[in-house]
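Peer 1: Below is the sequence, then the predicted model.
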Amino acid sequence: MRDSAASLDAPARRRWLGGALATLFTTPELLAGPRPADAPRLPPALRELVAATGLPAASIGLQVQAVDPPAPPLASLNAEQPYQLASTTKLVTAMAALDLLGPRYRWRTYAFLTGPLQPDGKLLGDLLIVGGGNALMGTDDLRAWLARLRAQGLHEVLGDIVLDRWAFRLRPEDFAGTPTPAADRPHHAWPDALTLDEGRLRVRVSAGGGGAPQVQLQPPLAELRLQRQLSSGAGDCALWAHWQAPPPHGVAPPTLTLRGHWSPACGPRELQLAPLPHDEFTTLAVRALWREVGGRLRGRVHDKPRPDRNGLMPLDEQGFPRLPWSVHQSEPLPQLLRDINKTSDNLAARNLMLSLARGFPLRSATLADARERVAGWLQAQGLAPGDIAVDNGSGLSRAERGKPRALVQLLRRAWPTERGRALRDSLPVAGVDGTLAHRMTQGRATGRAFLKTGTLLDTRALAGYVQAASGITYAVAALVNHPEAARATPALDRLIEWVAARG
C-alpha cells in the first residue's frame, strides 16, 4: 500500500511533498490548451529529474532554448520567477563588459615620476604607481614590470614609492551583503584598484638540499619573519600557517609561523591565505620586489590616499597633468574572462564590474555608477526591470537575482556575435576544465557543454551553451534555490546530458 503523507517522518514528508509539487507543476494537463506565460514545458524525462531531486518544484527554475531560430523553449519551468544567480551572475558581467568595453579592453597600471630622472638613474622625487583595477596582476607580472622600469633607466628613487588606489572609490556599504574577508578565505577578498596576487600569499614547502624543508613565499614580503615549526617524523603531512600581524604603531615585523608535519615523502605542498588588507600587502610586496630586481630606494614604500585628485593623472607643480612614464597592461578582455569564468574568480569579477562605471579609468569608479550602467545595458538588451538584478558582478551578493528566461534571452542575443564566441570560449567545458573538470566526464555533454557554475550554501546553478548531437546549440539556465540545493547537482548534470543527447 502506498504511504500517505501523515504516516511519514518529517524528512520523508518533505520528499513526498517535493515529488507531489513536481508532479503538480509538470503534469501533462498543464501543457495542453492556452499556455500562460510561465506555464511549465517539460518532457517526461525532465519531469522525472525534477521529481527525483525531492525538492519543491518551486525551488527550481529552468529554461532551455535553441540559440538560432525563433522557436519555443525545449524545456521551461518557473522561467519567469527570479532566483539567486550565484556565480552565473558572472555571465551577465562578462556580456556587459564585452559590449561596453570591447574585446580589446585591458586593465592598465601606471607609473609616474614626480621629479626629474638624472642621467645616472636617480629619480629626484617619488615614483607613483597608480592602480587601474587589474585584479589579475601576479608576482611575476609585477617583477617583470619593475625590471622594465630599471631597464628604462630608473635605478634609484631618492623619494618614496607611493601606491595610489584612486581608481576605485568604495564605501563600507558597497560591501554589505557579501562575506567579510578572512585570512583562511582568500576567495572572499574585496575589490581593490591596486591588488597583487588578489591579496593571496602562497606558501610552498618542498625538499631542499639534503631533504630539508624549503619554504618559498609568493609574493616575497619585506620585513616578514618566517618561523618553521615542522616535525619530520612519521605523520599525516598536515600543514598549518599562522599569521601574526604587528601591533598597531609597533615596531615588531609581521610573523608567519608554519606548523605541522612534512617530509620529502609528502611531496611539495602549498597553502594559501589572505593575511593583510590589499594596501598593506602590496606595500610589503612592492618593497621586496623592487629590491629583488636591483632597484634602490632612499625613502619608503607607502600607500597614500590622494583625495585632492580629480583625474587619473597627477598634476605637476604648474598644475598640468603628468604623463605616465610607463604603463603595465593586462591581457585583453577575452583572456581576462577565461581567467574569471573558468575558476569563478570573485575578486576579478567584482573589479571588472567596477570597470564598467562611466568614464573609468579617467574618472574613479563607484559601485553605484557601475550598477547604473549595467542596469541601462540590461534595458538595452530588451529586459524589463526585475528580470535580472546585478549588485557587485560576482554572485556573492544575495541581491543578484534573475529569471531563467531573462538569462537565456541574454545568452541567445549574444550567441551570433563576436562577444558570444568570446563568452563561450571563457566558460568551463564539461568534463574538461575549470569548475566542470570533474563533472559530466563521460557522456554526450563531455566537451560539448560550455557552462558557468554557481554555488552558494542554498544555491546550485548552471548556465551557458550546450551543443546537442542534432547540431543545434541551446542556451540553458538552470537555477536551484533551496536549503538543500546541493541535492539537485546530479539532476542538473543529467539535465545537461539530456539536452546534449536529445536536443
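Peer 2: Looks like it came in fine.
Peer 1: Could you chop this protein up by domain?
Peer 2: Domains of the chain are assigned by automatic domain parsing as 41-103+334-502, 108-197+277-330, 201-273.
Peer 1: Identify, out of those domains, the most deeply packed stretch.
Peer 2: With neighbours defined as mean count of other Cβ atoms under 10 Å, the domains of the chain peak in mean count at domain 41-103+334-502, which reaches a mean of 21. All C-beta atoms are positioned from the backbone trio N, CA, C, and that covers glycine.
Peer 1: related to what we said a few turns ago, Throw the domains of the chain into TSV and include mean pLDDT, thanks.
Peer 2: As requested, the domains of the chain are exported to TSV (pLDDT from 0 to 100):
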stretch	mean pLDDT
domain 41-103+334-502	97
domain 108-197+277-330	92
domain 201-273	85
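Peer 1: Show the contacting residues for the closest residue to Val67 other than its chain neighbours.
Peer 2: Of all residues not flanking Val67 in the chain, Trp415 sits nearest, at 4.2 Å (Cβ to Cβ, 6 or more residues apart in numbering). By Cβ atoms under 8 Å, 6 or more residues apart in numbering, the contact set of Trp415 is 67-68, 424, 465, 473, 475.
Peer 1: Helices along this protein, start to end?
Peer 2: 10-26, 44-52, 89-100, 139-151, 278-292, 333-343, 346-355, 367-380, 404-414, 418-426, 489-502 (DSSP state H).
Peer 1: And these: which comes nearest Arg204?
Peer 2: Arg204 lies closest to helix 139-151 among the helices of the chain, at 12.2 Å (Cβ to Cβ).
Peer 1: could you check the angle helix 278-292 makes with that closest one?
Peer 2: Orientation of helix 139-151 against helix 278-292 (axes from the mean of the first three to the mean of the last three Cα atoms, to 10 degrees) gives an angle of 50 degrees.
Peer 1: Helix 139-151: how far from the chain's middle?
Peer 2: Distance, stretch centre to chain centre, for helix 139-151: 25 Å (Cα atoms, centre = their mean, to the nearest Å).
Peer 1: list the helices and strands that helix packs on?
Peer 2: Applying 3 or more Cβ pairs under 8 Å, 6 or more residues apart in numbering; DSSP states H and E, we find helix 139-151 packed against helix 278-292, strand 326-329.
Peer 1: Tell me which of the ones you listed lies nearest to Arg108.
Peer 2: When the helices and strands packed on helix 139-151 are compared by Cβ to Cβ, strand 326-329 sits nearest Arg108, at 5.4 Å.
Peer 1: Which residues does that closest one contact?
Peer 2: Against strand 326-329 from outside (Cβ under 8 Å, 6+ apart): 106-111, 134, 137, 141-142, 145, 148-149, 152.
Peer 1: would CSV of the residues you listed with distance to Arg419 be doable?
Peer 2: Below are the contacts of strand 326-329 laid out as CSV (distance: Cβ to Cβ, whole Å):
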residue, distance to Arg419
Arg106, 16
Trp107, 18
Arg108, 21
Thr109, 25
Tyr110, 27
Ala111, 32
Asn134, 21
Met137, 24
Asp141, 26
Leu142, 30
Trp145, 29
Arg148, 32
Leu149, 35
Gln152, 36
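Peer 1: Those residues: which two are farthest apart?
Peer 2: Across the contacts of strand 326-329, the longest distance by Cβ to Cβ is 20.9 Å; it joins Trp107 and Gln152.
Peer 1: residues contacting Arg419?
Peer 2: Arg419 neighbours (Cβ under 8 Å, 6+ apart): 95, 98-99, 103.
Peer 1: between those residues, which is nearest Ala207?
Peer 2: Pro103 (44.1 Å).
Peer 1: that older thread, the contacts of Trp415 in strands, which ones?
Peer 2: Of these, the ones assigned to strands by DSSP state E are 465, 473, 475.
Peer 1: The second one and Gln65 touch, don't they?
Peer 2: No: in this structure, Thr473 sits apart from Gln65 without contact. The criterion is Cβ atoms under 8 Å, and the distance is 10.3 Å.
Peer 1: correct me, but Leu347 touches Arg185?
Peer 2: No: between Leu347 and Arg185 there is no contact under Cβ under 8 Å: 11.7 Å.
Peer 1: ends of stretch 451-467, how far apart?
Peer 2: Start and end residues of stretch 451-467 are separated by 11 Å (Cα to Cα, to the nearest Å).
Peer 1: Run the chain-centre distance for that stretch.
Peer 2: Relative to its chain's centre, stretch 451-467 lies at 14 Å (Cα atoms, centre = their mean).
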